[in-house]
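Student: How does the following fold in three dimensions:
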Amino acid sequence: MEFEIVIGLEVHAQLKTKTKIFCGCSTAFGAAPNTHTCPVCLGMPGVLPVLNRRVVEYALKTAVATNCEIQKNSRFARKNYFYPDLPKGYQISQYEAPIARNGFIRLETAGGVKTIRINRIHMEEDAGKLIHDPAENFSRVDFNRTGVPLMEIVSEPDIRTPEEASEYLKVLHSLIRYIDVCDGNMEEGGFRCDANVSIMPKGSAVFGTRTEVKNMNSFKNVEKALAYEIERQREIIEDGGLVVQETRLWDPDRGVTVSMRGKEEAHDYRYFPDPDLLPLAIDDAWIDQIRSESPELPDDRKRRFQTEYGLPMYDCALLTGDREIADYFETCLETFPKAKPVSNWIMGSLLGLLNTLGVGADQSPVSPEDLGKLLKLVDEGVVSGAMAKTVFDEMALAGKSPMEIIEEKGLVQVSDSDLLESLVTEVLSGHPEEVESYKAGKTKLMGFFVGLIMRRTSGKANPKIVNQLLKEKLK
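Tutor: Just a heads-up that it's a prediction; the model follows:
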């Protein structure tokens, strides 16, 4: 039997506010347990929540970036359930009246551009964190995350493969980082997703029973978890069994999903409007302000890079996938306005350096201005392209300008035509057999001659001038 895969994703993005959604406690990651708490986020009797305006602003920015319809009137609700990391016994979220609906984002897939619809975007508070002690028969709870502002972005079930799911997440991840509402740090829980997945006979109009998969903390793990879960459901159905609606956890060490609990429905949470929070009214002026301040988004920037700089689409996609990389590229162009060499260096040496250090382009030890200066020196023949790699590595270590390093290490390229001509004459005179072979048609010997001259100059000879002199003398 052939099956069709149906996937919908629920993405939780932690918003980059300094304080929590309903109180003034810090949202900073990594503090000692239960130090970023107060009576409001701990749900003490008699306290009242106060909505953080910046949270609403960030949700509006995301709604605009994802082509959503902003709801001028929305309201918060209480989602009731009991769990040790939820001090109030309910989570403040949005249910019937979210802040945004009916959006979409576009993916570039093997089959062309595909539109994935977004059902809704809503704001909510995070829960705490349970810490299980393997040495003891109990768990501890850290309430620092309680009340940290989240934005949930819920897709329609339009995704049909694990690869599409991963690409959707990458596009969304890039988008929210571009508009600077979320740092996207998956290891710290700043960007996480739950997947609803089911399969149905090909051509059927009725969706199969879905399971929810949690605990996928990387794009690669999303693909692996979904691929496993799809195959698990396929085997159950082909063996005559029934898929159970449940929540499952991805175990990356074993490469399997495991049952966690039965899947709840909305009525299980007994949603009702939060009586402590007024309905949220958003006027046209605020929406217009958000739209006017919206930055250039990844797709627009990618198209501009192609038309303005004449770069291949591969370069454009890689450069604009991360806002810091795109900014670095354009800053570098202000010093050295030749797009393709800059692109090549960023995609090669710079990204290699950043991956090794585990930092973003905004934390690069080599500034875009200094990289531009280095490329300018290569272009002017002051230093060779090969030596420039050495200079770049030294810049990353020492934090010095390219010219300082070139002068300190004596790496200035030899471009003296008279000196190089005498070296060329000397090399050719010392290898008459190779010269005759070259003239007889073995043109690959050009590399042999160039290599000899490079060795005699410790790699400092200007290869362009050397090649030109050799061709003239080998006619």
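Student: Mind listing residues that contact stretch 348-367?
Tutor: Identification of contacts with stretch 348-367 by CB atoms under 8 Å, 6 or more residues apart in numbering yields 322, 324-325, 327-328, 371, 389, 392, 395-397, 399. (Each C-beta comes from the backbone N, C-alpha and C, glycine too.)
Student: So what sits opposite the residue lying closest to E124 once chain neighbours are set aside in the bridge?
Tutor: Distances taken as CB to CB, 6 or more residues apart in numbering place S93 nearest to E124, at 3.6 Å, with adjacent residues excluded. Applying DSSP bridges to S93 yields these beta-bridge partners: A77.
Student: Distance check, S93 against M216.
Tutor: For S93, the distance to M216 equals 21 Å [CB to CB, to the nearest Å].
Student: just the buried members of the contacts of stretch 348-367?
Tutor: Neighbour-count burial (16 or more other CB atoms under 10 Å) applied to those gives 322, 324-325, 328, 371, 392, 395-396.
Student: mind giving me the domain ranges of this structure?
Tutor: Structurally, the chain divides into domains by automatic domain parsing as follows: 3-286, 298-408, 417-473.
Student: weakest of those domains by average pLDDT?
Tutor: Comparing mean pLDDT across the domains of the chain, the weakest is domain 417-473, with a mean of 83.
Student: can you give me how far it is from the chain middle?
Tutor: Computed by CA atoms, centre = their mean, to the nearest Å, the separation of domain 417-473 from the middle of its chain amounts to 47 Å.
Student: That domain: end-to-end distance?
Tutor: This stretch, domain 417-473, spans 14 Å end to end (CA to CA, to the nearest Å).
Student: same question, stretch 426-441
Tutor: Start-to-end span of stretch 426-441 (CA to CA) is 22 Å.
Student: helices and strands around the longest strand along the chain, which ones?
Tutor: Secondary structure of the chain per DSSP state E: the longest strand is strand 112-125. Of the remaining helices and strands, those touching strand 112-125 by 3 or more CB pairs under 8 Å, 6 or more residues apart in numbering; DSSP states H and E are helix 53-65, strand 90-93, strand 100-109, strand 149-155, helix 162-178.
Student: Within its sheet, name the partner strands of that strand and how each one runs.
Tutor: Strand 112-125 sits in its sheet next to strand 100-109 (antiparallel), strand 149-155 (antiparallel), going by DSSP bridges.
Student: which residues sit in contact with P134?
Tutor: By CB under 8 Å, 6+ apart, no residues touch P134.
Student: Give me the neighbour count for the residue nearest to E124.
Tutor: S93 is flanked by 19 other residues according to other CB atoms under 10 Å.
Student: Likewise for the one 10 residues further on?
Tutor: One way to gauge burial is a neighbour count; for G103, by other CB under 10 Å, it gives 23.
Student: Over to the closest residue to it other than its chain neighbours: give its phi and psi.
Tutor: Nearest non-adjacent residue to G103, counting by CB to CB, 6+ apart: C68, 3.3 Å away. With angles defined as degrees, to the nearest 10, C68 sits at phi -90, psi 160.
Student: Tell me the spacing between C68 and E421.
Tutor: Look at C68 and E421: by CB to CB, they are 68 Å apart.
Student: For the two, indicate the residue with more neighbours.
Tutor: Neighbour comparison, C68 and E421: the larger count goes to C68, with 23 against 15 (by other CB under 10 Å).
Student: Pretty sure I105 is one of the things the more buried one touches, is it not?
Tutor: No - assessed by CB atoms under 8 Å, C68 is found out of contact with I105, at 10.1 Å.
Student: Mutual contacts of those two, please.
Tutor: I118.
Student: related to what we said a few turns ago, out of the domains of the chain, which is closest to S292?
Tutor: Nearest to S292, of all the domains of the chain, is domain 3-286, at 10.0 Å by CB to CB.
Student: I'd like to know which of the helices and strands packed on strand 112-125 is closest to M347.
Tutor: Once the helices and strands packed on strand 112-125 are compared by CB to CB, helix 162-178 is nearest, at 16.5 Å.
Student: packing partners for the closest one?
Tutor: Helix 162-178 is packed against strand 3-14, helix 53-65, strand 100-109, strand 112-125, strand 191-201, helix 219-238, helix 298-309, helix 323-335, with contacts defined by 3+ CB pairs under 8 Å, 6+ apart.
Student: can you pull the buried residues of the fifth one?
Tutor: Neighbour-count burial for strand 191-201, with 16+ other CB under 10 Å as criterion, is recorded at 191-200.
Student: Report the inter-axis angle for it versus strand 3-14.
Tutor: Angle, strand 191-201 to strand 3-14, by axes from the mean of the first three to the mean of the last three CA atoms, to 10 degrees: 160 degrees.
Student: what packs against strand 191-201?
Tutor: Contact analysis of strand 191-201 by 3+ CB pairs under 8 Å, 6+ apart lists strand 3-14, helix 162-178, strand 211-216, helix 219-238 as its packing neighbours.
Student: ok, now how distant is G262 from A28?
Tutor: Separation of G262 from A28 (CB to CB): 36 Å.
Student: What number of residues are in the vicinity of Y228?
Tutor: Count around Y228 with other CB under 10 Å applied: 19.
Student: surely it meets P252?
Tutor: No - counting by CB under 8 Å, Y228 does not reach P252; the two are 10.5 Å apart.
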